[in-house]
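Chemist: whatever this is, show me its structure:
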Amino acid sequence: MPTARLIHLRKCFMAVSWRAVGGVALGIGAMAASFWAGRATLSTPDEVAQQPVDQVGVEVRSGELGRVLTLSTKVTRATQPVAANRLVGTLTSIADSREFAEGATVYTVGATPVRVIQGAGAQWRAMSAGTSGPDVLVVQEALARLGVLDSPKDVWDATTVAQVKAWQQAQGQPATGEFTLGELIAVPQLPAQLLVDQENGWPGAELGGGEVLLRRAAGEPTFVMELTRSQGAQVAAGTAVKVRHGAHSWAGVLGEASGRDDGVAMPVTAPDGGPPCAMECATLPLNESSLLTEVVIAPPEQGPIVPVSALSYQPDGRITVEVLVDGGTQRREVNVRAVADGQAVVDGVSPGERVRAVV
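Modeler: Numbers count the residues shown, from 1 in each chain. Got it, this is the predicted structure:
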């Protein structure tokens, strides 16, 4: 009977997805076909019956092999409302940006831009001549940071009206010296990632006021890898992964699997249990996204590399190669450390030696 070691290696050779790290491409199907078509079979406990095959000498080289699956991870970020829309009319445009600085336009109703300012508390009334109070001070402090006003105060006086008119004129807007309710939206901290909820409003939609259009991130994002059952059978909780997002690369580990109708779902976290994105979560979009993820099934191994077809399985469970020496051959036991795309990293031979392989 085959030993546990032999069974393990056969399972490795028949795996669905292998990849050579550092230049050896995936292709286990071709590997399995070329290997099993010409390898020895166990006919009796005492001998190995060889099939007629063509054999050549192949030089042992030094390299690196590993096994990695490339899958995807679904990232979801919860959001919460920032403010309700207070303008009536046609939603004519939505900003393309994801991150907004103070004074930026997030959407436009008719010809009126809706801008964000930094400040606490909701904007609940128009800013016009004679208006006073803490909310007026919040707006004026924002306008001062934007260079519109010289000195902020809690009253909308004649000086404020004149300076706002000059700024509006420079912006190509009607020079009224005031802001109607809905033109300014206060956000606690800027710059910030904001999302216009296009389920409630989209370019061309008629707005009646009261729609929740602007949202911001709430809490930490969640990372979940959704796998088919065959993919799920190849990975286990604790497996190391690398999640890629643009120029960013985040290390993570897989958590315990939970069943789904069409497969399994496995959470992805940083090694410390937090989100893999750590301090870079703000680079993620607010809506749902999918990120390429490398699942490290077998860490890369470096060492002498031989073709899988050079390996012979002995009745006692040993794995050997035939090394070409002085016009003859020498059977030598090897230890297989990694397999990918018809190649194997082994101990027991040295780079530069030649081994007999099936072609």
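Chemist: report the buried residues of the helix or strand harbouring Leu91.
Modeler: According to DSSP states H and E, Leu91 maps onto strand 89-94. Neighbour-count burial for strand 89-94, counted by 16 or more other CB atoms under 10 Å, picks out 91, 94. No exception for glycine: its C-beta is placed from N, CA and C like everyone else's.
Chemist: kindly export it (C-alpha atoms) in PDB.
Modeler: Taking C-alpha atoms only, strand 89-94 is exported to PDB below (Å, rounded to 0.1, in the frame of the first residue of the first chain):
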ATOM      1  CA  GLY A  89     -34.900  71.000  -8.300                       C
ATOM      2  CA  THR A  90     -33.000  68.800 -10.700                       C
ATOM      3  CA  LEU A  91     -29.900  67.000  -9.600                       C
ATOM      4  CA  THR A  92     -27.600  68.100 -12.400                       C
ATOM      5  CA  SER A  93     -24.200  66.700 -11.400                       C
ATOM      6  CA  ILE A  94     -22.400  64.600  -8.800                       C
END
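Chemist: neighbouring strands - and their directions - for the helix or strand following it?
Modeler: Elements were assigned by DSSP H and E; along the chain past strand 89-94, the next helix or strand is strand 99-100. Strand 99-100 sits in its sheet next to strand 192-196 (antiparallel), going by DSSP bridges.
Chemist: and the partner strand with strand 89-94, angle?
Modeler: Orientation check (axes from the mean of the first three to the mean of the last three CA atoms, to 10 degrees): strand 192-196 against strand 89-94 gives 130 degrees.
Chemist: I'd like the distance from strand 192-196 to the chain centre, please.
Modeler: Offset of strand 192-196 from its chain centre (CA atoms, centre = their mean, to the nearest Å): 20 Å.
Chemist: what does that strand contact?
Modeler: The contact list for strand 192-196 (CB atoms under 8 Å, 6 or more residues apart in numbering) reads 79, 82, 94-95, 98-100, 106-107, 116, 187, 213-217, 282, 286-287.
Chemist: and it, average pLDDT?
Modeler: On average, the pLDDT along strand 192-196 is 91.
Chemist: same check on stretch 173-185?
Modeler: 97.
Chemist: in the stretch 101-250 of the chain, which spans are strands?
Modeler: 105-109, 112-118, 184-187, 192-196, 206-207, 212-217, 222-227, 240-245, 248-254 (DSSP state E, counting those that start in this stretch).
Chemist: Val164 contacts Leu143, doesn't it?
Modeler: Yes - assessed by CB atoms under 8 Å, Val164 is found in contact with Leu143 at 7.2 Å.
Chemist: tell me, what's touching those two both at once?
Modeler: Contact criterion CB under 8 Å, 6+ apart; residues shared by Val164 and Leu143: Leu149.
Chemist: quick one: strands adjacent to the longest strand along the chain?
Modeler: Taking DSSP state E as the criterion, the chain has its longest strand at strand 289-307. Next to strand 289-307 in the sheet, as set by DSSP bridges, lie strand 61-76 (antiparallel), strand 240-245 (antiparallel), strand 343-347 (antiparallel).
Chemist: is Glu226 bridged to anything, and to what?
Modeler: Counting by DSSP bridges, the residues bridging with Glu226 are Ala265.
Chemist: that older thread, show me what the strand holding Leu91 is packed up against.
Modeler: Judged by 3 or more CB pairs under 8 Å, 6 or more residues apart in numbering; DSSP states H and E, the packing partners of strand 89-94 are strand 105-109, strand 206-207.
Chemist: which residues does Val187 contact?
Modeler: Contacts for Val187 (CB under 8 Å, 6+ apart) come out as 82, 100, 116-119, 194, 216.
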